[in-house]
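Colleague: Just a sequence and a predicted model for now, questions to come.
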Amino acid sequence: MTDIQTIRDDFAFLDDWEDRYRYVIELGKAMPDLPEEFRTDTNKVRGCASQVWLVTRTEGNPDDPGMTFRGDSDAHIVRGLVAILLAATSGRKASDLADLDAGLLLDELGLGEHLTAQRANGLRSMVERIKAEAARATA
(Lines give C-alpha, C1' and ligand atoms only; values in the text may rest on other atoms or scores of the structure.)
Protein backbone atom coordinates (compact mmCIF):
# COMPACT_ATOMS: atom_id res chain seq x y z
CA MET A 1 0.00 0.00 0.00
CA THR A 2 1.17 3.52 -0.80
CA ASP A 3 2.14 5.64 2.22
CA ILE A 4 0.46 8.99 2.88
CA GLN A 5 3.58 11.08 2.19
CA THR A 6 3.96 9.51 -1.25
CA ILE A 7 0.30 10.27 -1.93
CA ARG A 8 0.79 13.90 -0.81
CA ASP A 9 3.88 14.22 -3.02
CA ASP A 10 2.06 12.71 -6.01
CA PHE A 11 -0.91 15.04 -5.56
CA ALA A 12 1.46 18.03 -5.44
CA PHE A 13 2.45 17.26 -9.06
CA LEU A 14 -1.14 16.91 -10.29
CA ASP A 15 -2.61 20.29 -11.22
CA ASP A 16 -5.69 19.11 -13.06
CA TRP A 17 -8.75 17.74 -11.23
CA GLU A 18 -9.17 15.00 -13.85
CA ASP A 19 -5.62 13.78 -13.16
CA ARG A 20 -6.29 13.78 -9.40
CA TYR A 21 -9.55 11.94 -9.93
CA ARG A 22 -7.78 9.27 -12.02
CA TYR A 23 -5.05 8.98 -9.39
CA VAL A 24 -7.63 8.43 -6.62
CA ILE A 25 -9.16 5.64 -8.70
CA GLU A 26 -5.69 4.14 -9.33
CA LEU A 27 -5.01 4.13 -5.58
CA GLY A 28 -8.23 2.21 -5.06
CA LYS A 29 -7.38 -0.31 -7.77
CA ALA A 30 -3.95 -0.88 -6.23
CA MET A 31 -5.41 -1.58 -2.79
CA PRO A 32 -5.72 -5.28 -1.92
CA ASP A 33 -9.26 -6.65 -2.07
CA LEU A 34 -10.98 -7.22 1.24
CA PRO A 35 -11.83 -10.92 1.57
CA GLU A 36 -15.55 -11.69 1.40
CA GLU A 37 -15.68 -12.90 5.02
CA PHE A 38 -14.94 -9.32 6.18
CA ARG A 39 -17.75 -7.79 4.12
CA THR A 40 -20.17 -8.07 7.01
CA ASP A 41 -22.80 -5.77 8.44
CA THR A 42 -20.59 -5.28 11.52
CA ASN A 43 -17.72 -3.99 9.37
CA LYS A 44 -19.93 -1.77 7.22
CA VAL A 45 -19.44 1.97 7.71
CA ARG A 46 -22.72 3.79 8.34
CA GLY A 47 -23.25 7.15 6.65
CA CYS A 48 -21.66 6.28 3.32
CA ALA A 49 -23.80 6.31 0.17
CA SER A 50 -21.64 3.54 -1.30
CA GLN A 51 -20.96 0.34 0.54
CA VAL A 52 -17.78 0.70 2.61
CA TRP A 53 -16.28 -1.88 4.94
CA LEU A 54 -13.60 -1.22 7.53
CA VAL A 55 -11.72 -3.85 9.53
CA THR A 56 -9.57 -2.88 12.51
CA ARG A 57 -6.65 -4.72 14.10
CA THR A 58 -4.76 -3.57 17.18
CA GLU A 59 -1.34 -4.70 18.32
CA GLY A 60 1.29 -3.86 20.86
CA ASN A 61 0.84 -1.82 24.02
CA PRO A 62 -2.76 -2.30 25.24
CA ASP A 63 -2.77 1.24 26.72
CA ASP A 64 -2.00 2.79 23.33
CA PRO A 65 -1.98 0.07 20.68
CA GLY A 66 -0.88 0.37 17.10
CA MET A 67 -3.87 0.42 14.76
CA THR A 68 -4.02 -1.29 11.38
CA PHE A 69 -7.00 -0.87 9.09
CA ARG A 70 -8.19 -2.69 6.00
CA GLY A 71 -11.08 -1.51 3.93
CA ASP A 72 -12.95 -1.69 0.69
CA SER A 73 -15.84 -0.15 -1.23
CA ASP A 74 -18.06 -1.13 -4.11
CA ALA A 75 -17.45 2.25 -5.83
CA HIS A 76 -14.14 3.07 -7.60
CA ILE A 77 -13.68 6.65 -6.38
CA VAL A 78 -14.74 5.74 -2.84
CA ARG A 79 -12.33 2.80 -2.85
CA GLY A 80 -9.59 5.29 -3.71
CA LEU A 81 -10.67 7.54 -0.83
CA VAL A 82 -10.55 4.50 1.45
CA ALA A 83 -6.99 3.83 0.23
CA ILE A 84 -5.99 7.42 1.08
CA LEU A 85 -7.58 7.23 4.51
CA LEU A 86 -5.93 3.88 5.28
CA ALA A 87 -2.55 5.28 4.19
CA ALA A 88 -3.07 8.19 6.60
CA THR A 89 -4.16 6.04 9.56
CA SER A 90 -2.80 2.50 9.43
CA GLY A 91 0.27 1.89 11.53
CA ARG A 92 -0.38 4.82 13.86
CA LYS A 93 -0.96 4.67 17.59
CA ALA A 94 -4.56 4.86 18.77
CA SER A 95 -3.84 8.12 20.64
CA ASP A 96 -2.60 9.72 17.40
CA LEU A 97 -5.96 9.17 15.72
CA ALA A 98 -8.07 11.19 18.18
CA ASP A 99 -7.46 14.45 16.27
CA LEU A 100 -7.79 13.04 12.75
CA ASP A 101 -9.48 15.65 10.55
CA ALA A 102 -11.00 14.46 7.26
CA GLY A 103 -11.50 18.01 5.99
CA LEU A 104 -7.87 18.92 6.55
CA LEU A 105 -6.70 15.76 4.78
CA LEU A 106 -8.94 16.52 1.79
CA ASP A 107 -7.74 20.12 1.65
CA GLU A 108 -4.06 19.05 1.84
CA LEU A 109 -4.62 16.89 -1.22
CA GLY A 110 -6.69 19.48 -3.05
CA LEU A 111 -9.74 17.24 -3.06
CA GLY A 112 -11.98 19.18 -0.68
CA GLU A 113 -13.64 21.43 -3.22
CA HIS A 114 -14.07 18.67 -5.80
CA LEU A 115 -15.82 15.93 -3.86
CA THR A 116 -19.58 15.80 -3.79
CA ALA A 117 -21.21 16.46 -0.43
CA GLN A 118 -22.20 12.79 -0.28
CA ARG A 119 -18.62 11.58 -0.76
CA ALA A 120 -17.23 14.11 1.71
CA ASN A 121 -19.84 13.02 4.27
CA GLY A 122 -18.95 9.38 3.62
CA LEU A 123 -15.28 10.14 4.22
CA ARG A 124 -16.20 11.89 7.47
CA SER A 125 -18.18 8.79 8.48
CA MET A 126 -15.09 6.64 7.84
CA VAL A 127 -12.94 9.01 9.92
CA GLU A 128 -15.48 8.95 12.77
CA ARG A 129 -15.47 5.15 12.68
CA ILE A 130 -11.65 5.08 12.85
CA LYS A 131 -11.66 7.55 15.74
CA ALA A 132 -14.27 5.46 17.57
CA GLU A 133 -12.21 2.30 17.03
CA ALA A 134 -9.13 4.07 18.38
CA ALA A 135 -11.06 5.33 21.43
CA ARG A 136 -12.33 1.80 22.10
CA ALA A 137 -8.80 0.44 21.81
CA THR A 138 -7.52 2.78 24.54
CA ALA A 139 -10.54 2.45 26.88
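Modeller: Received it, and whenever you're ready, just let me know what you need.
Colleague: Please enumerate the helices of this protein.
Modeller: With helices called from DSSP state H, the chain shows them at 4-13, 17-30, 76-89, 102-108, 117-138.
Colleague: for this protein, what helix or strand is lowest in average pLDDT?
Modeller: Counting by mean pLDDT, DSSP states H and E, the chain has its least confident helix or strand at helix 102-108, which shows a mean of 81.
Colleague: Remind me what that one packs against, helices and strands.
Modeller: Packed against helix 102-108, as judged by 3 or more C-beta pairs under 8 Å, 6 or more residues apart in numbering; DSSP states H and E, are the following elements: helix 76-89, helix 117-138. Any C-beta I mention is one placed from the backbone N, CA and C, and that applies to glycine too.
Colleague: which residues touch the spatially most central residue of the chain?
Modeller: In the chain, the centroid-proximal residue (C-alpha atoms, centre = their mean) is residue 85; its distance is 2.2 Å. Counting by C-beta atoms under 8 Å, 6 or more residues apart in numbering, residue 85 makes contact with 69, 71, 102, 105, 123, 126, 127, 130.
Colleague: The third one - nearest residue in space that isn't next to it in sequence?
Modeller: Put plainly, it is residue 102. Excluding the flanking residues, the one nearest residue 102 by C-beta to C-beta, 6 or more residues apart in numbering is residue 127, at 4.1 Å.
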